[in-house]
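Colleague: 3D, please:
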Amino acid sequence: MSPLVREVIGEVLRGARTSQGRTLREVSDAARVSLGYLSEVERGRKEPSSELLNAICDALQVPVSTVLTDAGQRMASEESAAHAAPPIAASATTIDASTKVVIPPVASLAVA
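Modeller: Numbering: from 1, shown residues only. Sure thing, here's the model as predicted:
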């Protein structure tokens with residue numbers, strides 16, 4: 001199953017924050033967002049409005065377009081991996097022509 005958009009955006013935001021070596025408190029103060037709410041956004045439990053996403057990105061000094069592009073690329077790669085057909089075993093590709101299937105006549109299945 002594909003991840004939810006809010007989960008991937010949360011991962012991208014957390015990655016940006018941790019790569020800067022900043023704490024949740026620092027970013028939440030700068031964004032004027034509660035620490036608990038920012039934590040929920042990073043964990044993919046809350047989906048930020050566009051205004052809050054913009055405030056968080058401003059606090060991280062990361063363009064919103066970069067966050068959305070990174071999230072889109074992650075989702076695309078996960079979706080393509082999920083939709084890739086599993087390899088078929090060599091034995092499954094061979095059909096044994098000697099196998100017979102017996103289908104009973106329809107009349108014999110009727111209940112009297």
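Colleague: Helix or strand next in line after the helix or strand hosting C57, which one?
Modeller: C57 belongs to helix 50-60 when elements are defined using DSSP states H and E. Past helix 50-60, further along toward the C-terminus, the next helix or strand under DSSP H and E is helix 64-83.
Colleague: Tell me which other helices or strands the helix holding C57 touches.
Modeller: In terms of contacts (3 or more Cβ pairs under 8 Å, 6 or more residues apart in numbering; DSSP states H and E), helix 50-60 is packed against helix 5-19, helix 24-31, helix 35-42, helix 64-83. From N, CA and C alone the C-beta is placed, and that goes for glycine too.
Colleague: Could you quantify the relative orientation of that helix and helix 64-83 as an angle?
Modeller: Counting by axes from the mean of the first three to the mean of the last three Cα atoms, to 10 degrees, helix 50-60 lies at 110 degrees to helix 64-83.
Colleague: Give me the pLDDT for E78.
Modeller: Per-residue confidence for E78 comes out at a pLDDT of 85.
Colleague: let me fix that: V106
Modeller: The predicted local distance difference test score for V106 is 64.
Colleague: same question, K100
Modeller: At K100, the model reports a pLDDT of 73.
Colleague: okay, and for the chain, where does confidence drop off?
Modeller: The chain contains residues with pLDDT under 70 at 1, 85-96, 103-112.
Colleague: With only the CA atoms kept, save the helix holding C57 in PDB.
Modeller: Included here for helix 50-60 are C-alpha records, laid out as PDB according to Å, rounded to 0.1, in the frame of the first residue of the first chain:
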ATOM      1  CA  SER A  50      -0.900  25.200   3.300                       C
ATOM      2  CA  GLU A  51      -0.400  28.100   5.700                       C
ATOM      3  CA  LEU A  52       1.100  25.900   8.400                       C
ATOM      4  CA  LEU A  53       3.200  24.100   5.900                       C
ATOM      5  CA  ASN A  54       4.500  27.400   4.600                       C
ATOM      6  CA  ALA A  55       5.300  28.600   8.200                       C
ATOM      7  CA  ILE A  56       7.200  25.300   8.900                       C
ATOM      8  CA  CYS A  57       9.100  25.600   5.600                       C
ATOM      9  CA  ASP A  58      10.000  29.200   6.300                       C
ATOM     10  CA  ALA A  59      11.300  28.200   9.800                       C
ATOM     11  CA  LEU A  60      13.400  25.500   8.200                       C
END
